[in-house]
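Enquirer: any chance you can model this:
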Amino acid sequence: MSPTAPLTGRHTVPLNHQGRERPYLLHDPTNGRQELVPLVLELHGRGINPSMFGRWTGFASLADEAGFVLALPSALGDIWNDGRYRGPEWARIEGVDDVGYLRALIDDACARLPIDRRRIYVVGMLNGATMATRFACEHAERIAAVAQIAGTAAVEVAAGCHPIVPVPILQIHGTGDWTAPYAGGCATGLRVRLFLRHRADPCVGVDDWARLWVDANGADRGPEVTTIPPDTTVRRWFGTSPASDIVFYRVAAGGHTWPGNRLWVPPLFGRTSRAFDATAVTWDFFAAHAREV
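Expert: Numbering: from 1, shown residues only. Model (predicted):
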């Protein structure tokens, strides 16, 4: 498909990938201006559609204020192929190349709008978080930074994660998250059987994930530790350039939630921290980083 003329406002954009129609939402606040602008990809979690996820986070309003383009991709069957879903119960996503889909989406958005290719970012929550960092591991050269909330990476993806260039990473995780346990492994318990039905393969623990990125980014200074009362600890690592930056937020007793979430979330998912706004923190982190050329 050849891209159409530049878009303004919010649109559903058609995109064909692997012979499947995979449209995405594109929120463009530029009003036809031609100066280069950042692009943020916002990846929804398992079982959450892009529109609902967007209402959770409020990124569209922030895009209007800060002047970046927001793309909201959609997973097939609401599940990203992040490397954890294998076996007959997950046959519907077997062979789905979501890394390739996100790569194609970036190219499509760049063909439609004046995107600054040095300032392309990916943020995700839940299954979208693990997908975001799978993309970062495999295509570090395409993005300027990555952020994830309530997710790390599949153990096998983490084991094979060797980004070709450093990628600044922001990670936000609650210690009371039963769906994506802070210490790693699989979701367990009665809630899993009632809500998730089928378990995915395990994820790596947050602290192991931090060590992986410290090594990958050459972040040899840190961690510097600060606190955000009443419940959040922030660890920061640095290297020789901003490309090495690593920031991990630890929310004590925080659930499988988006801190500062703008909508009501069922208590099933645990406590939502109000100590900070994950949306604002994510954009501040992104805005401080541009890909080196």
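
Enquirer: stretch 216-223: end-to-end distance?
Expert: 15 Å (C-alpha to C-alpha, to the nearest Å).

Enquirer: which residues sit against that stretch?
Expert: Here stretch 216-223 makes contact (C-beta atoms under 8 Å, 6 or more residues apart in numbering) with 161-163, 166-169, 213-214, 235-240, 243-246, 248. Every C-beta, even on glycine, is put in place using the N, C-alpha and C of the backbone.

Enquirer: give me that answer again for 10 Å
Expert: Among residues not part of stretch 216-223, those counted as contacts by C-beta atoms under 10 Å, 6 or more residues apart in numbering are 136-137, 140, 161-169, 210, 213-214, 233-241, 243-248.

Enquirer: so which of those are in strands?
Expert: Within the contacts of stretch 216-223, residues falling in strands by DSSP state E are 169, 233, 234, 235, 236, 237, 238, 246, 247, 248.

Enquirer: what's the first one in contact with, if anything?
Expert: Each residue near residue 169 by C-beta under 10 Å, 6+ apart is listed here: 132-133, 136, 145-148, 163, 209-210, 212-213, 216-217, 219, 237, 244-248, 285.

Enquirer: try the fourth one
Expert: The neighbourhood of residue 235, defined by C-beta under 10 Å, 6+ apart, consists of 171, 207, 210, 222-226, 246-250.

Enquirer: could you redo the last one with a cut-off of 7 Å?
Expert: Contacts for residue 235 (C-beta atoms under 7 Å, 6 or more residues apart in numbering) come out as 223, 225, 248.

Enquirer: nearest to residue 43, of those residues?
Expert: Nearest to residue 43 among the contacts of residue 235: residue 248, at 19.1 Å, using C-beta to C-beta.

Enquirer: count the residues that sit near residue 53.
Expert: 21 (other C-beta atoms under 10 Å).

Enquirer: format the CA atom coordinates belonging to stretch 155-166 as PDB.
Expert: Provided in PDB are the C-alpha atoms of stretch 155-166 (Å, rounded to 0.1, in the frame of the first residue of the first chain):
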ATOM      1  CA  VAL A 155      13.400 -15.500  29.800                       C
ATOM      2  CA  GLU A 156      14.500 -16.700  26.300                       C
ATOM      3  CA  VAL A 157      14.200 -13.200  24.900                       C
ATOM      4  CA  ALA A 158      16.300 -11.800  27.700                       C
ATOM      5  CA  ALA A 159      18.900 -14.600  27.200                       C
ATOM      6  CA  GLY A 160      19.300 -13.600  23.500                       C
ATOM      7  CA  CYS A 161      19.100  -9.800  24.100                       C
ATOM      8  CA  HIS A 162      22.200  -8.300  22.600                       C
ATOM      9  CA  PRO A 163      21.300  -4.900  21.200                       C
ATOM     10  CA  ILE A 164      23.800  -3.600  18.600                       C
ATOM     11  CA  VAL A 165      23.800  -0.200  20.200                       C
ATOM     12  CA  PRO A 166      22.900   1.100  23.600                       C
END
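
Enquirer: can you show me the strands along the stretch 101-250 of the chain?
Expert: Along the stretch 101-250 of the chain, counting by DSSP state E, counting those that start in this stretch, strands occupy 115-125, 145-149, 169-174, 221-228, 232-238, 246-251.

Enquirer: what's whichever helix or strand comes after the last one packed up against?
Expert: The helix or strand immediately downstream of strand 246-251 is helix 278-287, counting by DSSP states H and E. On a contact count with 3 or more C-beta pairs under 7 Å, 6 or more residues apart in numbering; DSSP states H and E, helix 278-287 meets helix 59-66, strand 145-149, strand 169-174.

Enquirer: which positions in the shortest one come out as buried?
Expert: By 16 or more other C-beta atoms under 10 Å, the buried positions in strand 145-149 come out as 145, 146, 147, 148, 149.

Enquirer: in stretch 48-67, what counts as buried?
Expert: 48, 50, 53, 54, 56, 57, 58, 59, 60, 62, 63, 66.

Enquirer: JSON lines for these, including pLDDT and distance to residue 175?
Expert: Compiled in JSON lines, the buried residues of stretch 48-67 are given as follows (pLDDT from 0 to 100; distance: C-beta to C-beta, whole Å):
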{"residue": "48", "pLDDT": "88", "distance to residue 175": "22"}
{"residue": "50", "pLDDT": "92", "distance to residue 175": "28"}
{"residue": "53", "pLDDT": "91", "distance to residue 175": "23"}
{"residue": "54", "pLDDT": "90", "distance to residue 175": "27"}
{"residue": "56", "pLDDT": "87", "distance to residue 175": "21"}
{"residue": "57", "pLDDT": "94", "distance to residue 175": "22"}
{"residue": "58", "pLDDT": "93", "distance to residue 175": "25"}
{"residue": "59", "pLDDT": "96", "distance to residue 175": "25"}
{"residue": "60", "pLDDT": "94", "distance to residue 175": "30"}
{"residue": "62", "pLDDT": "95", "distance to residue 175": "27"}
{"residue": "63", "pLDDT": "96", "distance to residue 175": "31"}
{"residue": "66", "pLDDT": "96", "distance to residue 175": "31"}
